[in-house]
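Novice: need a 3D model of the sequence below.
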Amino acid sequence: MTVIDKILNEWSFRCHDGIVDLNDRNKVKILFEILKEDIDDDILNALISTDAPTKEKILKYLRRIGDTNSNENLEQQVATLLKPKLGRNGLIEQVIFIADSKQFDVLEELKSYLENPTIGYSDLIENDNLDTLFAPTNFPKEFIDKIITIKGSAQPSLGMGEVALCVFLKNTFKSNKGDVVSDGNLIEIKGSNAKIMDSEISVGSKSEISDNPKFQNIVQKYSTDTLGKNTTWVEYIQTTYNNTSNKKQYVDDLNNFLRDLYPKTNISVSDADLKTIDLFNKKIAVSIAKDYLKDQNLLIFNSATKNYIYIEGYEEYVNKIYDGTIFAARASDKVPRISY
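Specialist: Predicted coordinates for the structure are as follows:
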């Protein structure tokens with residue numbers, strides 16, 4: 001029998017009806033007599049008049065302090081449950097620290113949830129907002145928000161939302177290859193202005209493009225203009241295409257340049273891709289993402305609204321680019337940025 005059990009038993013014994021009750025002034029006095037604490041009327045009145053959830057927190061606290069080792073044991077149990085999900089001790093400690101803080105005090109509830117989670121991969125697909133996705137967990141919204149914002153710079157790096165998905169989704173854990181794995185599905189998580197590209201491609205710079213001999217060849221053969229300070233190279237390429245009479249040779253030279261710029265993509269643009277600047281930009285975006293999304297899915301997350309879009313594989317990514325569901329910003333360097 002723990003100390004708190006003894007206190008509760010003694011409190012019940014001294015109550016005339018054997019029932020402990022924080023709403024009853026006389027019974028609360030008995031409790032504090034047992035705890036050998038002095039209490040004035042102001043504190044007593046505040047305790048009795050407080051709301052039911054607060055009273056439950058008081059009883060919960062009393063139960064927890066009854067055994068000096070109980071909280072350490074609880075932390076260890078939660079850490080054991082989080083270990084296969086998060087791996088890193090630093091992340092586990094952050095989650096436990098937040099859950100056990102005075103602001104939230106949900107460590108027991110977190111342990112219970114981790115033992116029997118209520119949301120999973122199918123819920124991730126069906127939703128489009130993290131607030132609505134995590135609502136069935138019944139944790140305070142502010143607590144969920146804190147978990148969502150956990151990030152880490154240690155390798156592999158950790159973006160906003162990744163820890164929350166691992167903690168709250170069943171059968172979901174941090175992966176060494178992608179960001180997370182949920183029910184066997186590898187998921188890469190990206191924020192706004194994301195670079196969706198194969199690892200063989202570097203971001204580069206505008207000067208890297210303008211200094212490329214194959215790009216200079218295009219400038220010398222097809223244009224009297226140079227790449228201006230306020231013009232993206234994508235705009236320059238498409239405008240030059242519109243102004244040239246020898247479009248077939250231009251497309252051949254352009255593809256030669258693009259394959260040098262994006263190695264191993266085997267990118268190939270056509271006249272249809274060069275009708276507008278946006279079409280050309282979309283062609284680049286989908287070409288450099290093909291290998292990247294070959295074996296994994298993509299979640300693009302808006303940190304301001306907590307809205308997200310879940311994209312299952314490369315083909316769906318291509319469709320979302322071309323129907324405008326996700327937006328490819330014109331590349332000022334080598335890589336278009338993807339937003340949702």
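Novice: contacts, neighbours, all on C-alpha from now
Specialist: Noted.
Novice: tell me which helix or strand residue 98 sits in.
Specialist: helix 89-99 (DSSP states H and E).
Novice: next structured bit after that helix?
Specialist: Next element after helix 89-99 (DSSP H and E): helix 107-115.
Novice: got the contact list for that next one?
Specialist: The contact list for helix 107-115, computed with Cα atoms under 8 Å, 6 or more residues apart in numbering, reads 74, 75, 77, 78, 81, 82, 96, 99, 100, 137, 167, 168.
Novice: what mean pLDDT does that helix have?
Specialist: Taken as a whole, helix 107-115 has a mean pLDDT of 96.
Novice: can you mark which positions in that helix are buried?
Specialist: Going by neighbour count (16 or more other Cα atoms under 10 Å), the buried part of helix 107-115 is 107, 108, 110, 111, 113, 114.
Novice: kindly report the same for stretch 191-201.
Specialist: 191, 192, 193, 194, 195, 196, 197, 198.
Novice: hmm, who's touching stretch 238-255?
Specialist: By Cα under 8 Å, 6+ apart, stretch 238-255 touches 214-215, 218, 222-223, 267-271, 274-277, 280.
Novice: whoops, I mixed them up, stretch 190-203
Specialist: Contacts for stretch 190-203 (Cα under 8 Å, 6+ apart): 159-160, 262-264, 285, 288-292, 298-303, 333-340.
Novice: and the end-to-end length of that stretch?
Specialist: The separation between the terminal residues of stretch 190-203, taken as Cα to Cα, to the nearest Å, is 16 Å.
Novice: what's the spacing between it and its chain's center?
Specialist: 17 Å (Cα atoms, centre = their mean, to the nearest Å).
Novice: could you do stretch 270-282 as well?
Specialist: 33 Å.
Novice: averaged pLDDT, that stretch. What do you get?
Specialist: 95.
Novice: for stretch 86-104, same thing?
Specialist: Rounded mean pLDDT across stretch 86-104 is 90.
Novice: residue 121 contacts residue 184, doesn't it?
Specialist: No. Between residue 121 and residue 184 there is no contact under Cα atoms under 8 Å: 9.4 Å.
Novice: which of the two has more neighbours?
Specialist: residue 121 (17 against 11; other Cα atoms under 10 Å).
Novice: give me the low-pLDDT residue ranges for this structure?
Specialist: 1-7, 35-49, 54-72, 152-157, 178, 229 (pLDDT under 70).
Novice: from residue 280, how far off is the residue most central in space within it?
Specialist: With distances taken as Cα atoms, centre = their mean, residue 161 lies nearest the centre of the chain, 1.7 Å away. In this view, residue 161 and residue 280 are 32 Å apart by Cα to Cα.
Novice: could you do residue 180 as well?
Specialist: Distance from residue 180 to residue 280, by Cα to Cα: 32 Å.
Novice: remind me what the helix or strand where residue 215 lies packs against, helices and strands.
Specialist: Using DSSP H and E, residue 215 maps to helix 213-222. In this structure, helix 213-222 packs against helix 247-261, with contacts taken as 3 or more Cα pairs under 8 Å, 6 or more residues apart in numbering; DSSP states H and E.
Novice: how about the helix it packs on: buried residues?
Specialist: Going by 16+ other Cα under 10 Å, helix 247-261 has these buried residues: 247, 250, 251, 253, 254, 255, 256, 257, 258, 260, 261.
Novice: now flag whichever of those is closest to residue 21.
Specialist: residue 261 (74.5 Å; Cα to Cα).
Novice: contacting residues for the closest one?
Specialist: 209, 334.
Novice: residues touching residue 273, list them.
Specialist: 279, 280, 283.
Novice: what angle do the helix holding residue 98 and helix 107-115 make?
Specialist: 130 degrees (axes from the mean of the first three to the mean of the last three Cα atoms, to 10 degrees).
Novice: could I have the CA atoms of helix 89-99 written out in CSV?
Specialist: The C-alpha coordinates for helix 89-99 follow below in CSV (Å, rounded to 0.1, in the frame of the first residue of the first chain):
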residue,chain,number,x,y,z
ASN,A,89,16.7,10.3,-26.5
GLY,A,90,16.7,14.1,-27.0
LEU,A,91,13.4,14.0,-28.8
ILE,A,92,11.9,11.6,-26.2
GLU,A,93,13.0,13.9,-23.4
GLN,A,94,11.4,16.9,-25.1
VAL,A,95,8.0,15.1,-25.5
ILE,A,96,8.1,13.9,-21.8
PHE,A,97,9.1,17.4,-20.6
ILE,A,98,6.2,19.0,-22.4
ALA,A,99,3.7,16.4,-21.3
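Novice: by contact count, what packs against it?
Specialist: helix 70-86, helix 107-115, helix 141-148.
Novice: what comes up buried for that helix?
Specialist: Applying 16+ other Cα under 10 Å to helix 89-99 flags 91, 92, 95, 96, 98, 99 as buried.
Novice: check stretch 303-312 too.
Specialist: Neighbour-count burial for stretch 303-312 [16+ other Cα under 10 Å]: 303, 307, 308, 309, 310, 311, 312.
Novice: how many other residues sit next to residue 180?
Specialist: Residue 180 has 23 nearby residues by other Cα under 10 Å.
Novice: just the CA coordinates for stretch 294-304, please, in PDB.
Specialist: Taking Å, rounded to 0.1, in the frame of the first residue of the first chain, the C-alpha atoms of stretch 294-304 are listed here in PDB:
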ATOM      1  CA  LYS A 294      10.000   6.700 -56.700                       C
ATOM      2  CA  ASP A 295       9.700   4.800 -53.400                       C
ATOM      3  CA  GLN A 296       8.200   7.400 -51.100                       C
ATOM      4  CA  ASN A 297       5.100   9.600 -50.600                       C
ATOM      5  CA  LEU A 298       5.000  13.300 -50.000                       C
ATOM      6  CA  LEU A 299       3.300  15.400 -47.400                       C
ATOM      7  CA  ILE A 300       3.500  19.200 -48.000                       C
ATOM      8  CA  PHE A 301       2.700  21.100 -44.800                       C
ATOM      9  CA  ASN A 302       1.700  24.800 -44.300                       C
ATOM     10  CA  SER A 303       3.000  25.700 -40.900                       C
ATOM     11  CA  ALA A 304       0.900  28.800 -40.700                       C
END
